[in-house]
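[1] here you go, sequence then predicted model.
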Amino acid sequence: MAAKGFGAWDPAQHTAAASKGGRTAHVQGSAHQFTREQARIAGAKGGAMMAARPGHMSKIGKLGGKAVATDRAHMAAIGAKGGKATRRTAGDGNG
């Protein structure tokens, strides 16, 4: 049986319809506006959920490390300073 209605639309059509609806809601003033407190709570929930996933934080840390490691000039600067560019200790003027 072939899909009917919204189910027959391709993903681009769904996106276009949702985008149009969102713009219209904002123009009409009927779109939900998050307060600072609601946004803070939502962000905290999302952060807690991601941090609770086993291995997630170490995975994104490794990705960041690989991205930095591809910047040869940055890595050379760190090496020339003996790693002091990334270490912050009391009294070194960096923190």
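    Nice, thanks for sending it over. Numbers count the residues shown, from 1 in each chain.
[2] helix or strand: which one has residue 2?
    Under DSSP states H and E, no helix or strand contains residue 2.
[3] so who does it touch?
    Shown in contact with residue 2 (C-beta atoms under 8 Å, 6 or more residues apart in numbering): residue 8. Where C-beta positions appear, they are placed from N, C-alpha and C, glycine not excepted.
[4] just the helices in this protein please.
    11-28, 36-52, 56-69, 72-80 (DSSP state H).
[5] show me what the third one packs onto, helices and strands only.
    Just to be clear, that refers to helix 56-69. Counting contacts by 3 or more C-beta pairs under 8 Å, 6 or more residues apart in numbering; DSSP states H and E, helix 56-69 packs against helix 36-52, helix 72-80.
[6] show residues contacting it.
    Contacts with helix 56-69, where a contact means C-beta under 8 Å, 6+ apart, come from 50, 51, 74, 75.
[7] separation between the closest residue to residue 9 other than its chain neighbours and residue 52?
    Spatial nearest neighbour of residue 9, chain neighbours left out: residue 17 (7.6 Å); criterion: C-beta to C-beta, 6 or more residues apart in numbering. Residue 17 sits 34 Å away from residue 52, taking C-beta to C-beta, to the nearest Å as the criterion.
[8] who has more neighbours out of these two?
    Comparing residue 17 with residue 52 by neighbour count (other C-beta atoms under 10 Å), the higher total belongs to residue 17, at 12 against 9.
[9] give me the distance from stretch 15-28 to the chain's centre.
    23 Å (C-alpha atoms, centre = their mean, to the nearest Å).
[10] so for it, mean pLDDT?
    Stretch 15-28 shows a mean pLDDT of 93.
[11] then that stretch to CSV, C-alphas only?
    The C-alpha trace of stretch 15-28 is given here as CSV (Å, rounded to 0.1, in the frame of the first residue of the first chain):
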residue,chain,number,x,y,z
THR,A,15,11.6,20.4,6.1
ALA,A,16,10.1,23.1,3.8
ALA,A,17,6.6,22.8,5.4
ALA,A,18,8.0,22.8,8.9
SER,A,19,10.2,25.9,8.1
LYS,A,20,7.3,27.8,6.6
GLY,A,21,5.1,27.0,9.6
GLY,A,22,7.8,28.1,12.0
ARG,A,23,8.3,31.4,10.2
THR,A,24,4.6,32.0,10.1
ALA,A,25,4.3,31.4,13.9
HIS,A,26,7.0,33.9,14.6
VAL,A,27,5.4,36.5,12.4
GLN,A,28,2.0,36.0,14.1
